[in-house]
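Asks: sharing a sequence plus its predicted fold:
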Amino acid sequence: MPNAPPGLLAAARDVAPAQQAVGYPSLFLLVLVGSLVPVVPTGALVSSAAVVAFHREAPYALLLVFATASIAAFLGDVALYWLGSRGVRSRNGSRWLDRLRDRVAPEQLAQAQRKLERHRIPVLVLSRLMPAGRIPVMLACLLARMPLHTFVRGNFPACLAWAATYQLIGILGGSLFPEPWQGVAAAVVLTVLIAVAPPLWRRLRGDGRGQET
């Protein structure tokens, strides 16, 4: 704003810290809820926040986005696993365990169980990077009665890698476009495509096999 009045510049400087104070807690809460209830597009949220942080050019903004997203994802995963493990131990199960079962197709669960038997911790780390891979692997861990501390040991680096990956998507979107909203739009589209492509491909492949038989 080279020709902006001094009062407007001062107001802009006052608004920026306020936006940060609201933005990081909101990001933390949304990623936390998205980890517990897998319907919130948490990857798109992290990428969008990274775009805004990239254009803001504020010291440590990107680091704060990374820390906020990874910690929120980790706490959400641990809470969901703990709630699911209570259902495994209970004779009557639990609604959290039932919700996890409802979101996983039998073939996905079987594949996750086979991978978990072979590799365990590496599968946990990679599960958050694979679209629609987190819930099947978590359910396989629950049914195998993996101890919480073992799950935590694999889930922590998984959340770090997940946050870094989606933050890099946001940085890429922010660097390609001059306006933040353009980078946010590009990051959201890319993250949605990443999330939608594997299930769509599995469905198309399944339909193709059905037609052949």
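Replies: The structure has been received and is ready for your questions.

Asks: so Met146, which of the three states?
Replies: Of the three states, Met146 takes coil under DSSP: H, G, I helix; E, B strand; the rest coil.

Asks: isn't Gly76 up against Phe28?
Replies: No: using Cβ atoms under 8 Å, Gly76 is not in contact with Phe28; the gap is 9.9 Å. No exception for glycine: its C-beta is placed from N, CA and C like everyone else's.

Asks: those two: who's more crowded?
Replies: The residue with more neighbours, out of Gly76 and Phe28, is Gly76; 22 against 18, by other Cβ atoms under 10 Å.

Asks: from His119, how far out is the nearest residue to that one once chain neighbours are set aside?
Replies: For Gly76, the nearest residue in space outside its immediate sequence neighbours is Ser35; the separation is 2.4 Å by Cβ to Cβ, 6 or more residues apart in numbering. Using Cβ to Cβ, to the nearest Å, Ser35 is found at 23 Å from His119.

Asks: have a look at these two and say which one is more surrounded.
Replies: When Ser35 and His119 are compared for neighbours, Ser35 comes out ahead with 22 against 13, by other Cβ under 10 Å.

Asks: model confidence for the more buried one, exactly?
Replies: What the model reports as pLDDT for Ser35 is 90.

Asks: so how far is Thr68 from it?
Replies: Separation of Ser35 from Thr68 (Cβ to Cβ): 13 Å.

Asks: hmm, Ala163 is touching Leu64, no?
Replies: No: contact between Ala163 and Leu64 fails when scored by Cβ under 8 Å: they sit 11.4 Å apart.

Asks: so for those two, which residue has more residues nearby?
Replies: Neighbour tally, Ala163 and Leu64, criterion other Cβ under 10 Å: the higher count belongs to Ala163, 26 against 17.

Asks: helix or strand for that one, which one?
Replies: Assigned by DSSP states H and E, Ala163 falls within helix 148-176.

Asks: what are the buried residues along that helix?
Replies: For helix 148-176, the neighbour count (16 or more other Cβ atoms under 10 Å) marks 151, 154-160, 162-163, 165-167, 169-174 as buried.

Asks: do the same with stretch 105-114
Replies: By 16+ other Cβ under 10 Å, the buried positions in stretch 105-114 come out as Gln108, Leu109, Ala112, Gln113.

Asks: which one of those residues is nearest Arg99?
Replies: Leu109 (14.1 Å; Cβ to Cβ).

Asks: okay, and that closest one sits in which element?
Replies: Leu109 is located in helix 106-119, with elements delineated by DSSP H and E.

Asks: what's the helix or strand following that helix packed up against?
Replies: Using DSSP H and E, the helix or strand that follows helix 106-119 in sequence is helix 121-127. For helix 121-127, the elements it packs on are helix 106-119, helix 134-143, helix 148-176, judged by 3 or more Cβ pairs under 8 Å, 6 or more residues apart in numbering; DSSP states H and E.

Asks: out of those helices, the one nearest Gly87 is which?
Replies: Using Cβ to Cβ, the helices and strands packed on helix 121-127 put helix 134-143 closest to Gly87, at 7.8 Å.

Asks: okay, the angle between the closest one and helix 148-176?
Replies: 170 degrees (axes from the mean of the first three to the mean of the last three Cα atoms, to 10 degrees).
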